[in-house]
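Colleague: the sequence and its predicted three-dimensional model are supplied below.
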Amino acid sequence: MERLVVIGLDCADPKLIFREMIEDLPNIRSLMRESTYGRMKSIIPPITVPAWMCMMTGKDPGELGIYGFRNRKDYSYDSLSLANSRMVRYPKVWDRLGMKGLTSILLGIPLTYPPKPLRGCLISGFLAPDTDSDYTYPRGLKEEIRSWVGEYMLDVSDFRTEDKDRVIRDIYSMTHKRFEVAKRLITGRRWDFFMMVEMGLDRIYHGFWAYHDPGHPKHDPGSPYRDVIREYTAYLDGKIGEMLDLIPDGTKVMIISDHGVQRMSGGISINEWFIRNGYLTLKEYPREPTGMGDLIRKGMVDWSKTIAWGEGGYYGRVFLNVRGREPEGIVPPHEYERVRDELRSAIEAIPDEFGNPIGTVVYKPDQIYRAVRNIPPDLIVYFGNLTWRSLGTVGTGEIHRHENDTGPDDANHA
């Protein structure tokens, strides 16, 4: 029986891996010479959650009923909750393999916390709360991990920060520990299918893209961080090479990614725009920048005069306040499509601060997914086709912002 190794590189972008940096990546270059490679089309939206689980189940976000990291549990106004493995109700690749008597080792795959029993072992992805939690299956595996690498790193904490040197150290440490664990597992346990996902590229792109990309509005060609992305990518290639040296002859190898990367030119404050255009009404405008969730929890939204509100993120999510659906809905159900179309056209027409079009694309979930389960956004918004992000914060008085409301961030997904 042939074995399969899958190495997932979150956010790895074809234009960098296949072209711009390929001469610095001897191990990936060697694999490319011996195999088939190409660009994959990501999902809508191209976000870590649910993209990896879409790949592992063959289902789109609508079928999974998972539209991002946070999803509405019900139609109340403050019901957003963090996605977890319990929301994935379809069999994953390793579930199907287990049914055939095959054994899997899984390391760092997003949306695998809390871990579910399987034929093999599992180390949860970065959404596990911390290493004191039961983030492994079997439970005792985490003690083995501690004996191998000390304190395992699920993720880089607070990677949206101005403390760039600390972020660099943490990314390298996280990657080193993950690959050390991978090598221990791949040589010390029986397996038919091995899969890992490394988050380092995603974290380093978000933290350092402006230094790498000459077209970025914040690019500084003289920055001491200008080669950070290139150097880390070469380091990652070396770690991949170390792993490839350990796998048995005849093993099939795949390197895959969930989405790409591009420069982020700024952010559109979706709720500021809603307020200015009469779609969202507050009882009192905040004196300082405040997240939409906090405004809702504090009772500061006048739902009797609110048609829609939005959530921030790398893409925007718009929710309509529908009569009979939301607790204080005002949009008549028979007017739903008309209002949704009106909003779609108006949002797509939002220009940059100089009045220039930015190419925003707005999707209706029911038109892009094979099914729509749980509670989707009414509209999914790609500001500037994801060259701008959605900012949910209210209180700046500005629609266009060039600072992220969740901390410094140079890149968006593609």
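Modeller: Thanks, I have it. Numbering: from 1, shown residues only.

Colleague: and G101, how far is that from F193?
Modeller: The spacing between G101 and F193, counted by CB to CB, to the nearest Å, is 12 Å. Where you see a C-beta, it was placed from the backbone N, CA and C, and this is true even at glycine.

Colleague: give me the more crowded residue out of those two.
Modeller: F193 (20 against 9; other CB atoms under 10 Å).

Colleague: surely the more buried one meets R3?
Modeller: Yes: using CB atoms under 8 Å, F193 makes contact with R3 at a distance of 7.2 Å.

Colleague: check contacts around the closest residue to Y152 other than its chain neighbours.
Modeller: Spatial nearest neighbour of Y152, chain neighbours left out: I145 (5.0 Å); criterion: CB to CB, 6 or more residues apart in numbering. Listed by CB atoms under 8 Å, 6 or more residues apart in numbering, the contact set of I145 reads 123, 136, 152, 181.

Colleague: mind checking the SS state of I145?
Modeller: Assigned with DSSP: H, G, I helix; E, B strand; the rest coil, I145 falls in the helix class.

Colleague: confidence score at it?
Modeller: Note for I145: predicted pLDDT of 98.

Colleague: now do it against R178, distance only.
Modeller: Distance from I145 to R178, by CB to CB: 10 Å.

Colleague: quick one: V318 and E162, what's the gap?
Modeller: Counting by CB to CB, the gap from V318 to E162 is 31 Å.

Colleague: neighbour count winner among the two?
Modeller: V318 (23 against 9).

Colleague: with adjacent residues omitted, what lies nearest to the residue nearest the centre of the chain?
Modeller: Residue closest to the average C-alpha location in the chain (CA atoms, centre = their mean): T48, at 3.0 Å. Nearest non-adjacent residue to T48, counting by CB to CB, 6+ apart: P110, 5.2 Å away.

Colleague: which pLDDT value belongs to R373?
Modeller: For R373, pLDDT reads 98.

Colleague: repeat for R178
Modeller: 99.

Colleague: flag every buried residue along the strand or helix carrying it.
Modeller: Applying DSSP states H and E as the criterion places R178 in helix 164-188. Of the residues in helix 164-188, 164, 167-168, 170-175, 177-186 count as buried by neighbour count, 16 or more other CB atoms under 10 Å.

Colleague: packing partners for that helix?
Modeller: Helices and strands touching helix 164-188, by 3 or more CB pairs under 8 Å, 6 or more residues apart in numbering; DSSP states H and E, are strand 104-109, helix 141-149, strand 193-198, helix 200-212, helix 228-244.

Colleague: which residues are contacting that helix?
Modeller: Residues outside helix 164-188 that contact it (CB under 8 Å, 6+ apart) are 5, 105, 107-108, 121, 123, 144-145, 148-150, 152-153, 155-157, 159, 161, 191, 194, 196, 198-200, 203-204, 207-208, 225, 228, 232, 235-236, 239, 242-243, 246-247.

Colleague: out of those, which end up buried?
Modeller: Taking 16+ other CB under 10 Å as the criterion, what is buried in these is 5, 105, 107-108, 121, 123, 144-145, 149, 152-153, 155-156, 159, 191, 194, 196, 198-200, 203-204, 207-208, 225, 228, 232, 235-236, 239, 243, 247.

Colleague: how many other residues sit next to R297?
Modeller: R297 sits with 12 neighbouring residues when counted by other CB under 10 Å.

Colleague: again with R70
Modeller: 16.

Colleague: hang on, it packs against S79?
Modeller: No: using CB under 8 Å, R70 is not in contact with S79, being 9.8 Å away.
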